[in-house]
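Participant: Take this sequence and fold it.
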Amino acid sequence: MMERRPVSLVLVTSCLLNLYATEHFREITGSLREQVGVADFVLKEEALFIHREAPTDGQDEPVPVDLPPFVSEGLVEVLYLQSPDEEATFVDLSAPIDDGEAVTAALALHRGCSIATDDRKA
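Facilitator: Numbers count the residues shown, from 1 in each chain. Just a heads-up that it's a prediction; the model follows:
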(Lines give C-alpha, C1' and ligand atoms only; values in the text may rest on other atoms or scores of the structure.)
Protein backbone atom coordinates (compact mmCIF):
# COMPACT_ATOMS: atom_id res chain seq x y z
CA MET A 1 0.00 0.00 0.00
CA MET A 2 1.28 3.44 -0.92
CA GLU A 3 1.72 6.21 1.59
CA ARG A 4 -1.34 8.45 1.47
CA ARG A 5 -0.74 12.03 0.38
CA PRO A 6 -3.28 14.82 0.30
CA VAL A 7 -5.40 14.69 -2.85
CA SER A 8 -4.34 17.32 -5.34
CA LEU A 9 -5.94 16.04 -8.57
CA VAL A 10 -9.62 15.06 -8.85
CA LEU A 11 -10.75 13.08 -11.91
CA VAL A 12 -14.10 13.38 -13.68
CA THR A 13 -15.72 10.17 -14.91
CA SER A 14 -14.44 10.30 -18.48
CA CYS A 15 -10.83 10.83 -17.41
CA LEU A 16 -11.08 8.05 -14.85
CA LEU A 17 -12.54 5.64 -17.41
CA ASN A 18 -9.99 6.58 -20.07
CA LEU A 19 -7.13 5.90 -17.66
CA TYR A 20 -8.72 2.62 -16.59
CA ALA A 21 -9.23 1.54 -20.22
CA THR A 22 -5.50 1.80 -20.92
CA GLU A 23 -4.98 -1.29 -18.73
CA HIS A 24 -2.07 0.65 -17.18
CA PHE A 25 -4.05 2.47 -14.50
CA ARG A 26 -1.77 1.29 -11.68
CA GLU A 27 1.40 2.34 -13.49
CA ILE A 28 0.03 5.72 -14.57
CA THR A 29 -1.49 6.77 -11.25
CA GLY A 30 1.50 5.38 -9.36
CA SER A 31 3.89 7.51 -11.39
CA LEU A 32 2.08 10.79 -10.75
CA ARG A 33 3.40 13.26 -8.19
CA GLU A 34 -0.21 14.18 -7.45
CA GLN A 35 -2.48 12.05 -5.30
CA VAL A 36 -5.53 11.21 -7.38
CA GLY A 37 -9.02 11.53 -5.96
CA VAL A 38 -12.44 10.65 -7.32
CA ALA A 39 -15.89 11.52 -6.05
CA ASP A 40 -17.87 8.76 -4.37
CA PHE A 41 -20.78 9.62 -6.70
CA VAL A 42 -18.58 8.99 -9.74
CA LEU A 43 -17.52 5.57 -8.46
CA LYS A 44 -21.03 4.47 -7.48
CA GLU A 45 -23.12 6.00 -10.26
CA GLU A 46 -21.02 6.67 -13.35
CA ALA A 47 -17.70 4.80 -13.60
CA LEU A 48 -19.30 1.38 -13.87
CA PHE A 49 -18.26 0.06 -17.29
CA ILE A 50 -15.87 0.61 -20.13
CA HIS A 51 -16.60 -0.70 -23.62
CA ARG A 52 -14.19 -2.95 -25.46
CA GLU A 53 -14.47 -4.53 -28.86
CA ALA A 54 -15.38 -8.20 -28.60
CA PRO A 55 -12.77 -10.42 -30.24
CA THR A 56 -15.37 -12.60 -31.94
CA ASP A 57 -17.80 -10.22 -33.63
CA GLY A 58 -16.17 -6.80 -33.28
CA GLN A 59 -19.15 -5.40 -31.38
CA ASP A 60 -18.55 -3.27 -28.29
CA GLU A 61 -19.21 -5.10 -25.07
CA PRO A 62 -19.41 -3.63 -21.56
CA VAL A 63 -16.59 -4.55 -19.20
CA PRO A 64 -17.12 -3.85 -15.48
CA VAL A 65 -14.74 -1.34 -13.92
CA ASP A 66 -13.01 -2.69 -10.82
CA LEU A 67 -11.52 0.25 -8.92
CA PRO A 68 -11.56 -1.01 -5.29
CA PRO A 69 -8.10 -2.62 -5.60
CA PHE A 70 -6.63 0.75 -6.63
CA VAL A 71 -8.39 2.46 -3.73
CA SER A 72 -7.04 -0.19 -1.33
CA GLU A 73 -3.53 0.33 -2.70
CA GLY A 74 -3.79 4.08 -2.11
CA LEU A 75 -3.57 4.97 -5.79
CA VAL A 76 -7.00 6.61 -5.70
CA GLU A 77 -8.74 8.24 -2.77
CA VAL A 78 -12.53 8.34 -2.63
CA LEU A 79 -13.87 11.80 -1.81
CA TYR A 80 -17.23 12.65 -0.27
CA LEU A 81 -19.12 15.92 -0.05
CA GLN A 82 -18.55 16.85 3.59
CA SER A 83 -19.64 20.40 4.12
CA PRO A 84 -22.70 22.53 3.40
CA ASP A 85 -20.52 24.72 1.16
CA GLU A 86 -19.42 21.73 -0.94
CA GLU A 87 -23.02 20.55 -1.20
CA ALA A 88 -24.28 24.01 -2.19
CA THR A 89 -21.64 24.35 -4.89
CA PHE A 90 -22.56 20.91 -6.21
CA VAL A 91 -26.22 21.94 -6.46
CA ASP A 92 -25.30 25.22 -8.20
CA LEU A 93 -23.06 23.47 -10.72
CA SER A 94 -25.40 20.57 -11.45
CA ALA A 95 -27.68 22.77 -13.57
CA PRO A 96 -25.15 23.69 -16.30
CA ILE A 97 -23.06 20.47 -16.18
CA ASP A 98 -23.78 16.84 -15.37
CA ASP A 99 -23.80 15.58 -11.79
CA GLY A 100 -20.48 13.73 -11.95
CA GLU A 101 -18.65 16.79 -13.21
CA ALA A 102 -20.52 19.04 -10.78
CA VAL A 103 -19.59 16.99 -7.71
CA THR A 104 -15.99 16.66 -8.92
CA ALA A 105 -15.73 20.41 -9.52
CA ALA A 106 -17.28 21.22 -6.13
CA LEU A 107 -14.79 18.96 -4.35
CA ALA A 108 -11.82 20.36 -6.27
CA LEU A 109 -12.89 23.97 -5.76
CA HIS A 110 -13.38 23.71 -2.01
CA ARG A 111 -10.32 21.58 -1.38
CA GLY A 112 -7.90 23.54 -3.54
CA CYS A 113 -7.31 20.70 -6.00
CA SER A 114 -6.81 20.59 -9.74
CA ILE A 115 -9.46 18.87 -11.82
CA ALA A 116 -8.85 16.55 -14.75
CA THR A 117 -11.66 16.92 -17.28
CA ASP A 118 -12.14 16.77 -21.01
CA ASP A 119 -15.34 18.84 -20.93
CA ARG A 120 -14.80 22.47 -21.87
CA LYS A 121 -18.07 23.45 -20.14
CA ALA A 122 -16.91 21.96 -16.83
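Participant: Report the contact partners of the nearest residue to Leu48 once chain neighbours are set aside.
Facilitator: Spatial nearest neighbour of Leu48, excluding adjacent residues (C-beta to C-beta, 6 or more residues apart in numbering): Val65 at 6.0 Å. All C-beta spots, glycine's among them, are computed from the backbone N, C-alpha and C. Taking C-beta atoms under 8 Å, 6 or more residues apart in numbering, we find Val65 in contact with Leu17, Tyr20, Ala47, Leu48, Phe49, Ile50.
Participant: try Thr22
Facilitator: Thr22 sits next to Ile28 when contact means C-beta under 8 Å, 6+ apart.
Participant: Scan the helices and strands of this protein for the one with the lowest mean pLDDT.
Facilitator: strand 49-53 (a mean of 85; mean pLDDT, DSSP states H and E).
Participant: Heading C-terminal from that one, find the next helix or strand.
Facilitator: Next helix or strand after strand 49-53 toward the C-terminus (DSSP states H and E): strand 60-64.
Participant: Paired strands for that following strand, with orientation please.
Facilitator: strand 49-53 (antiparallel) (DSSP bridges).
Participant: Just the buried residues of the strand it pairs with, please?
Facilitator: Of all the residues in strand 49-53, those buried under the rule 16 or more other C-beta atoms under 10 Å are Ile50.
Participant: State the distance from Lys44 to Val7.
Facilitator: Distance, Lys44 to Val7, by C-beta to C-beta, to the nearest Å: 18 Å.
Participant: Tell me which of the two has more neighbours.
Facilitator: Counted by other C-beta atoms under 10 Å, Lys44 and Val7 do not tie: Val7 has more neighbours, with 21 against 10.
Participant: doesn't Leu79 make contact with the more buried one?
Facilitator: Yes. Look at Val7 against Leu79 with C-beta atoms under 8 Å: they come within range, at 6.5 Å.
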